[in-house]
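In: just to be clear, the model below is a prediction. Sequence and coordinates:
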Amino acid sequence: MLGRFGKDAGSLVGVEIAPDSVRIVQLQRRNRRCRVLASVQEPFESLAGSDWAAEPGAVAAALRRAYRRSGLKQRRVALALPGNQVICKLCHLPVEQGGAEVKAQLLADAERLFPFPLEDLALDFQVLGGSRVQPGCAEVMVAACRQSALAPLEGIVEEAGLQLEAVEVDSIALGRMLPQGRHQSSALLRIEAHSTILYGWHSGQPQQRRELSLGLSTITGALPERLLALLAGEPLPECLLIASCSPVEAGQLQSLGSQLNLPCRLVPDLARLEHVDGAMILACALALGGLRR
């Protein structure tokens with residue numbers, strides 16, 4: 001279940017559980033273009049603030065309400081785990097091995113590859129193709145997390161009357177929303193009301209995910225200072241893409257870019273999808289991964 005890495009998973013409903021709301025999106029592809037079948041955001045109250053896992057009943061009820069509002073019939077959904085809860089590794093295995101043999105070898109090597117007890121291990125993989133560095137081998141992307149990290153998601157989806165079909169890594173899913181040709185050096189800033197997440201993609205390096213306890217109100221205040229500190233000493237991306245829970249004014253983008261000495265732009269692909277804004281980017285990315293190709 002963990003992973004999928006954009007493989008064909010049918011027409012799944014993308015679901016994000018944000019700190020204060022549930023967001024769902026379903027897309028449909030026609031004539032090589034996508035259209036939005038449903039895009040719903042349903043708020044919930046959590047006594048634990050941003051820790052939604054402490055209030056699974058409230059989250060499940062919000063997901064159930066969102067699904068009813070959407071009018072969808074598809075009950076299979078895809079969610080994402082934060083990248084800091086998942087370990088991804090690139091392995092090289094003999095090309096003649098079939099799927100069952102690959103899985104058996106990865107499970108045999110799991111204790112060496114991942115710092116999780118085997119009884120709490122959730123593992124998935126995708127064969128990427130022939131290895132460029134080891135002849136006769138295939139490149140296999142392996143993702144692993146604790147089964148205990150998946151259990152809360154499974155419980156919420158089941159309580160809402162839906163079926164959890166796929167779980168992805170948020171940074172991998174969000175990579176689908178990057179403009180073509182920008183995967184080598186890109187950064188995405190997701191701005192929520194009370195928090196911000198900086199994602200980074202650099203060629204030859206694992207995806208980065210760094211969370212800040214600063215929200216939209218700090219975009220012209222403390223946020224640029226914290227971002228400067230995070231980016232210090234690192235190769236800068238070509239531009240910083242912005243996806244915000246609320247509209248960001250052109251002047252705010254210009255001010256942020258000036259302070260960071262880095263072009264800042266709104267994520268462009270969202271403009272092509274009606275009823276989808278920056279708040280829905282992860283749910284949209286998950287839905288995009290669930291489209292039939």
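Out: That came in fine, so what should we check first? Residues are numbered from 1 along each chain as shown.
In: can you map out the helices along the stretch 101-250 of the chain?
Out: Assigned by DSSP state H, counting those that start in this stretch, the stretch 101-250 of the chain shows helices spanning 147-159, 170-174, 222-231, 250-260.
In: which elements pack onto the helix or strand containing residue 62?
Out: Under the criterion of DSSP states H and E, residue 62 resides in helix 56-70. Under the contact definition 3 or more C-beta pairs under 8 Å, 6 or more residues apart in numbering; DSSP states H and E, helix 56-70 sits against strand 13-17, strand 21-30, strand 33-43, helix 147-159. Quick note: C-beta positions are derived from backbone N, CA and C, even for glycine.
In: ok, 10 Å please
Out: strand 13-17, strand 21-30, strand 33-43, strand 76-81, helix 147-159 (3 or more C-beta pairs under 10 Å, 6 or more residues apart in numbering; DSSP states H and E).
In: so which of these is the most packed in?
Out: Ranked by mean neighbour count, the helices and strands packed on helix 56-70 are led by strand 13-17 with a mean of 26 (mean count of other C-beta atoms under 10 Å).
In: can you put the helices and strands packed on helix 56-70 in CSV and add distance to residue 70?
Out: Output for these, formatted as CSV (distance: least, C-beta to C-beta, whole Å):
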stretch, distance to residue 70
strand 13-17, 8
strand 21-30, 6
strand 33-43, 4
strand 76-81, 11
helix 147-159, 15
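In: those: which one's closest to residue 268?
Out: strand 33-43 (14.1 Å; C-beta to C-beta).
In: what angle separates the closest one from strand 21-30?
Out: For strand 33-43 against strand 21-30, the angle by axes from the mean of the first three to the mean of the last three C-alpha atoms, to 10 degrees is 170 degrees.
In: tell me the angle strand 33-43 makes with strand 13-17.
Out: Using the same axes, to 10 degrees: strand 33-43 against strand 13-17 is 30 degrees.
In: how far out from the middle of the chain is strand 33-43?
Out: Offset of strand 33-43 from its chain centre (C-alpha atoms, centre = their mean, to the nearest Å): 16 Å.
In: who does that strand pair up with?
Out: Paired strands of strand 33-43, with direction, are strand 21-30 (antiparallel) (DSSP bridges).
In: how far away is residue 104 from residue 144?
Out: Distance, residue 104 to residue 144, using C-beta to C-beta, to the nearest Å: 15 Å.
In: more neighbours, these two?
Out: Higher neighbour count among residue 104 and residue 144: residue 144, with 22 against 12, using other C-beta atoms under 10 Å.
In: looking at it, the more buried one is touching residue 91, isn't it?
Out: No: look at residue 144 against residue 91 with C-beta atoms under 10 Å: they stay out of range, at 11.3 Å.
In: present the helices of the stretch 101-250 of the chain as JSON lines; the columns should include distance to residue 127.
Out: Output for those, formatted as JSON lines (distance: least, C-beta to C-beta, whole Å):
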{"stretch": "helix 147-159", "distance to residue 127": "23"}
{"stretch": "helix 170-174", "distance to residue 127": "16"}
{"stretch": "helix 222-231", "distance to residue 127": "34"}
{"stretch": "helix 250-260", "distance to residue 127": "39"}
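In: am I right that residue 173 is in contact with residue 188?
Out: No: using C-beta under 10 Å, residue 173 is not in contact with residue 188; the gap is 11.4 Å.
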